[in-house]
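Chemist: Kindly return the folded structure for what I paste below:
(one chain, ligands or ions: 1)
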Amino acid sequence: MGSGSPRASARRPEPNPMGSGSPRASARRPEPNPMGSGSPRASARRPEPWWSRAVFYQVYPRSFADSDGDGVGDLDGLTDRLDHLVELGVDAIWLNPVTVSPMADHGYDVADPRDVDPLFGGMVALERLIAAAHQLGIRVTMDVVPNHTSSAHPWFQAALAAGPGGTARDRYLFRDGRGPDGTVPPNNWKSVFGGPAWTRVVEPNGKPGQWYLHLFDTEQPDLNWDNPEVFADFEKTLRFWLERGVDGFRIDVAHGMAKPPDLPDSPDLGIAVLQQSDDDPRFNHPSVHAIHRDIRTVMDRYPGAVSIGEVWVQDNARWAEYLRPDELHLGFNFRLARTDFDATEIRDAVENSLAAAAIEAATPTWTLANHDVGRVVTRYGGGEVGLARARAMAMVMLALPGVVFLYNGQELGLPDVELPDEALQDPTWERSGHTERGRDGCRVPIPWCGDNPPFGFSTHADTWLPMPPEWAALSVEEQSIDPDSTLSFFRHALQLRRGRDEFDGTDVQWLTAPKDTLIFRRGGGLMCALNAGDRPLALPAGELLLASAPLADHTLPPDSAAWLV
Ligand code: ISL
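Modeler: You can find the predicted model right below:
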C-alpha cells in the first residue's frame with residue numbers, strides 16, 4: 001500500500017490565516033467587489049473547510065480547450081485558459097475523467113485509474129495543471145469511477161481469459177445465464193443507457209458462456225464490491241492522486257457499487273433511459289454506506305481533501321445518509337436541475353434540498369446543469385426567454401448558502417446543440433435503438449474567440465462534436481468586451497458572492513411574495529427576488545446589488561432576478 005502520509009504541504013496552496021484554507025483571501029485572487037462594502041469576511045467566524053461555500057467549475061475536458069490540434073480538448077488546453085477561471089472567480093475545478101480509457105463513455109470507462117490518458121496529455125499535463133491552478137489559488141478535484149471499470153482494464157481482460165469459477169471473475173459480477181442453455185440473462189435489469197444490463201461472453205473454449213453485469217455500457221463492467229481487492233485498489237487510486245496534490249474527488253455513481261445479494265429481478269418500474277428511481281434495486285443498496293465509511297477513512301488522512309458524491313437519491317432521509325459525519329463531505333443534490341421555471345416548484349426544491357442537508361448538518365449543494373442533465377438555457381425554453389431564465393436562476397443558486405457547481409459554458413449562456421444523427425457519440429444513442437439522442441448536445445466545445453468554428457477551441461476545423469456557427473456571438477472574447485453579456489454578469493455575480501458579507505449565514509428566510517414570484521433573505525442581509533410570472537414584480541426596499549435584466553422603477557420584469565441589501 002502507498003506511503004499513506006498526508007501530501008507534502010508545499011504542493012498545497014497556503015491555508016489562509018482565518019483557518020479556512022480558502023484561496024478567497026489570497027493576494028493572487030481578483031480583488032473583492034470594488035462597488036463599496038466588499039469588506040473581507042468577518043474574522044470571528046469559526047474556521048470552515050475551504051469548500052464550505054465554494055463555487056466549483058466543472059470542466060468537461062474534451063470540450064474545454066484543445067492545445068494539440070486534434071479536435072479534442074486536453075489538459076494543457078485547460079492550463080492555458082486558467083485565466084478565464086480566475087476572471088470568473090471560481091474556487092475549484094471539477095475535472096471529468098482524464099484517466100486512461102478507450103473512451104466508450106468518454107472516460108467513465110477507466111482502463112487505468114492511476115494514469116492520465118495520452119489524449120488529454122498524459123500525467124505531465126495533469127501535473128502542470130495542478131501546479132498552475134494552485135499557483136492561482138484554484139483547487140483541482142477530479143472524477144473517480146468506483147462502480148465499474150472499462151472492459152479494457154487488465155482485471156476484466158484477466159477475468160475473460162480465466163474462464164468461469166476462478167478468482168479473476170470474482171472482481172466483477174459474472175453469473176450463469178438462465179434457461180436450458182443459459183441464453184437468458186441472469187436477471188431482468190436494464191442498463192441506464194438502454195438495453196439489457198448483461199452481456200454474455202465467449203469463453204476461452206470458444207463457446208458462449210457466462211454473463212457479466214454492466215449498469216451502463218457493455219464496455220463498463222460493474223465491479224464486485226464484496227471482493228476486498230476492489231476497495232484495496234480503490235484506496236490505492238485515492239491515495240495516488242491525493243499524493244499528487246489533487247484536492248478531492250467527485251465520486252461517480254456514489255449510490256451504486258453495492259448490489260443486493262443474489263441480484264434479484266427488478267419490478268417493472270418503467271424507468272426511462274438515463275433515469276433512476278428510489279425503488280430501483282440497481283442503486284442505493286444500504287451496504288453502500290460501509291464503502292463510503294471506508295473511503296472517508298482514507299480521505300481523513302489528507303486534511304482539506306473533499307469527497308463529493310454523485311447521489312441520485314430522491315428521498316431526503318436516504319440521501320442524507322450519504323452525508324453522515326463519517327461518509328461523504330458533500331453530495332450532489334439534483335433537485336434544481338430537475339425543476340421547471342416555476343416559483344412554487346423552485347421554492348419546494350430549495351426547501352427540500354436545505355432540509356435534506358440539515359438532517360446531517362451537511363453543507364447544501366446546488367446544481368442547475370452538468371454533462372448528463374443538459375444545459376439550463378434549453379431546459380428553460382431556449383432562445384431569449386431560456387437565457388433570461390437561466391441568468392435569473394443562476395442568481396437564485398448563487399444566493400443560497402453552501403456550494404455551487406457551474407458547468408463549463410453555463411457562464412456563456414450556451415444552449416444545448418441539436419446535433420445531426422451522424423455526430424452523436426453518447427452510447428445511449430446506439431443502446432436505446434436510436435430512440436434517445438443522449439447527452440452530446442450539452443457537451444459541444446466552448447467558443448473562445450473569432451468569427452467561425454472552431455472559435456479558438458482548436459486549430460483543427462473538425463472538432464469532436466461540431467460547433468454551431470452562430471456561437472460567434474457567445475465566445476469568451478466577444479462577451480468579455482460587453483458589460484451586459486452573460487459572462488460579464490456571471491463575473492459580477494461571483495465577485496459579489498465572494499466579497500460581500502451579506503452572503504454570510506446558513507439560513508434562508510422566505511418573505512411574502514406575490515404569486516409566481518419568490519423572495520428570500522439570508523442571515524447576512526442579502527435579499528434575492530425571482531420573478532417567474534408574467535407581470536412586473538415591485539421589489540422590496542433596499543439597495544440593488546445586481547439584476548439579471550434591466551429594471552424599471554425598482555420593479556423586476558418577468559424571467560429575471562435581483563439581489564438587494
Ligand atoms: O444521466 C443521468 C441522469 O440524467 C444519470 O442516470 C447518469 O447516467 C448516472 O447517474 C451516472 O452518471 C455518471 O456515470 C455514468 C456516466 O456516463 C455519466 O456521465 C456520469 O455522470 C457512467 O459512469
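Chemist: Quick check: next helix or strand after the helix-or-strand element of the chain with minimal mean pLDDT?
Modeler: None of the helices or strands of the chain scores lower by mean pLDDT, DSSP states H and E than helix 427-431, at a mean of 92. The helix or strand immediately downstream of helix 427-431 is helix 476-480, counting by DSSP states H and E.
Chemist: Restricting to C-alpha, output that next one in CSV.
Modeler: C-alpha atoms of helix 476-480 as CSV (Å, rounded to 0.1, in the frame of the first residue of the first chain):
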residue,chain,number,x,y,z
VAL,A,476,-15.5,34.4,-24.3
GLU,A,477,-13.7,37.1,-26.3
GLU,A,478,-16.9,38.6,-27.6
GLN,A,479,-18.7,38.5,-24.2
SER,A,480,-15.6,39.9,-22.3
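Chemist: which strands and helices sit next to the following helix or strand past it?
Modeler: The first helix or strand that comes after helix 476-480 along the chain, using DSSP H and E, is helix 486-499. Helices and strands touching helix 486-499, by 3 or more Cβ pairs under 8 Å, 6 or more residues apart in numbering; DSSP states H and E, are strand 55-59, helix 82-88, helix 383-399, helix 476-480, strand 544-547. In this view, the C-beta of every residue, glycine as well, is placed from N, C-alpha and C.
Chemist: Tell me the buried residues in helix 486-499?
Modeler: Within helix 486-499, the residues that count as buried by 16 or more other Cβ atoms under 10 Å are 486-487, 489-499.
Chemist: So which bits of the stretch 1-150 of the chain are right by the ligand?
Modeler: Contacts of the stretch 1-150 of the chain with the ligand, taken as Cβ under 6 Å from any ligand atom, map to 105, 108, 145.
Chemist: Next: the chain.
Modeler: Checking the chain against the ligand by Cβ under 6 Å from any ligand atom, the hits are 105, 108, 145, 192, 216, 252-253, 274, 276, 310, 312, 371-373.
Chemist: again, 8 Å this time
Modeler: Within the chain, the positions near the ligand by Cβ under 8 Å from any ligand atom are 96, 105-106, 108-109, 143, 145, 147-148, 192-193, 215-217, 220, 252-253, 256, 274-276, 310, 312, 334, 370-373, 427, 439.
Chemist: re the thing from before, so which two of the buried residues of helix 486-499 are the farthest from each other?
Modeler: Farthest apart among the buried residues of helix 486-499 by Cβ to Cβ are Thr486 and Gly499. That separation is 20.4 Å.
Chemist: does the residue located most distally from the centre of the chain count as helix, strand or coil?
Modeler: If you look at how far each residue of the chain sits from its centre, by Cα atoms, centre = their mean, the farthest one is Pro180, at 44.5 Å. Here Pro180 is recorded as coil under DSSP: H, G, I helix; E, B strand; the rest coil.
Chemist: okay, it: pLDDT?
Modeler: With respect to pLDDT, Pro180 scores 92.
Chemist: And it, how far from the ligand?
Modeler: Using Cβ to the nearest ligand atom, to the nearest Å, Pro180 is found at 34 Å from the ligand.
Chemist: Phi, psi for that residue please.
Modeler: Backbone torsions of Pro180, given as degrees, to the nearest 10, read phi -50, psi -40.
Chemist: Pro454 reaches Met467, doesn't it?
Modeler: Yes. Between Pro454 and Met467 there is a contact under Cβ atoms under 8 Å: 5.7 Å.
Chemist: Common neighbours of the two, please.
Modeler: Contact criterion Cβ atoms under 8 Å, 6 or more residues apart in numbering; residues shared by Pro454 and Met467: Pro445.
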